[in-house]
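Enquirer: Return a 3D structure for these sequence lines:
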Amino acid sequence: MTEATLTVTAPDELLQLFGPRDQHLRKLRQLFDVTITHRNGRVRIAGEGEGVSGAMRTLEKLLHKVQKQGAIGGEDVETAAVEEGAKVEPGAKLKVSGGEDIAIQHAGRRIRPRTEGQAKYVDAIREYDLTFATGPAGCGKTYLAVATAVEALKAGQIRKIVLVRPAVEAGESLGFLPGDLRAKLNPYLRPLLDALGEMVDYDQARELMEQEVIEVIPLAYMRGRTLNDAFIILDEAQNTTIAQMKMFLTRMGERSKMVVSGDATQLDLPRGVTSGLKDAIRRLHRIKAIGMIRLTGEDIVRHRLVQRIVEAYEETENTGASTRPRRSGVRVIGGELSGRSGGEETLDR
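Expert: The predicted structure is shown next:
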């Protein structure tokens, strides 16, 4: 048995080095087959000689990176470990623990995944810088992504949360709604605000939004931006076009995370227009550094009837009896897609 000790006295550096819920430490334990413990600013590594020395060098390298750039991600940990002799089989994914609480407590209760699928979803968000999640309504895609973002903000992992949604009209016109542009867009952004309200007090949320620490914006407002040290969530991604999805994904800056979620069965794009979410998953699913999660009806945690409703609709669709009406006048607000009556679409270049 060999032991080594690394001294880290700065609390912020320890927090970054260990990762959310000690995810980075668990990854290193698995890669080097060692035990890693911490007490009073001293990180103790114990195990076989080569494993201990490799884990020690990896931690030193990661600590230097934290001191230099302020944050590290799961990919940084794995890259540093491989450079120091850890072996990861091509295509193999490291085991991650599921079902843990998210480090947020609101109104006297802790937030945690409630199904195996939800646990894998949260673990994927923590492990990957970019995660795609698809699944039916009520399975926690938005809720858990927002919760994990708030957890990262409170832990100092990021400096900003950006919640994004495409503003898509489905047979109705925003122009007839009362109020200015903000008031017109509010109904489209309301689900994200509702999820945020489950984790942050109203006054605190309002203050963070005034300071632009938290932004809740329509997708079109992302154009031309580069977001560093941010946690960016795109909700209802099935209603993006291919061009919009590409635009969104390329907004990711240094030390940022992205979560893209959607439900392919709730599509509001005109007929013949390919969903940007479907297209992105097809193009990117072979990239190992991207998380891909598929939630199912078993992960639905809303009213017990919701699961039965989703199953009934899926059964109808599987038998080929489509009940989807033909839409006209459907367009993406502030984006690139606009629909004319009769199903004719134009793309603004």
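Enquirer: which residues in the protein form helices?
Expert: Secondary structure of the chain by DSSP state H: the helices cover 11-18, 23-32, 49-69, 74-83, 116-127, 141-154, 181-197, 202-210, 242-249, 276-284, 304-318.
Enquirer: which of the residues in the last one are buried?
Expert: For helix 304-318, the neighbour count (16 or more other CB atoms under 10 Å) marks Val306, Gln307, Ile309, Val310 as buried. From N, CA and C alone the C-beta is placed, and that goes for glycine too.
Enquirer: farthest pair in the residues you listed?
Expert: Using CB to CB, the buried residues of helix 304-318 reach their maximum pairwise distance at Gln307 and Ile309, which is 7.3 Å.
Enquirer: Surely Tyr143 is in contact with Leu196?
Expert: No. Using CB atoms under 8 Å, Tyr143 is not in contact with Leu196, being 9.9 Å away.
Enquirer: Mind checking which of the two has more residues around it?
Expert: When Tyr143 and Leu196 are compared for neighbours, Leu196 comes out ahead with 23 against 19, by other CB atoms under 10 Å.
Enquirer: and the more buried one, what does it touch?
Expert: Leu196 makes contacts with Val146, Val150, Leu163, Ala205, Ile214, Val216, as judged by CB atoms under 8 Å, 6 or more residues apart in numbering.
Enquirer: what do you get for Ile214?
Expert: The neighbourhood of Ile214, defined by CB under 8 Å, 6+ apart, consists of Leu153, Lys160, Ile161, Val162, Leu163, Leu196, Val200, Ala205, Leu208.
Enquirer: try 7 Å
Expert: Ile161, Ala205, Leu208 (CB atoms under 7 Å, 6 or more residues apart in numbering).
Enquirer: Give me the pLDDT value at the second one.
Expert: So the one you mean is Ala205. Looking at Ala205, its pLDDT reads 78.
Enquirer: Likewise for the last one?
Expert: pLDDT, the model's per-residue confidence, is 84 for Leu208.
Enquirer: Also the first one?
Expert: The predicted structure scores Ile161 at 92 on the pLDDT scale.
Enquirer: measure it to Ala46 for me?
Expert: Look at Ile161 and Ala46: by CB to CB, to the nearest Å, they are 38 Å apart.
Enquirer: These two: who's more crowded?
Expert: Neighbours per residue, other CB under 10 Å: of Ile161 and Ala46, the larger number sits with Ile161, 23 against 16.
Enquirer: bridging residues for the more buried one?
Expert: Ile214, Phe231 (DSSP bridges).
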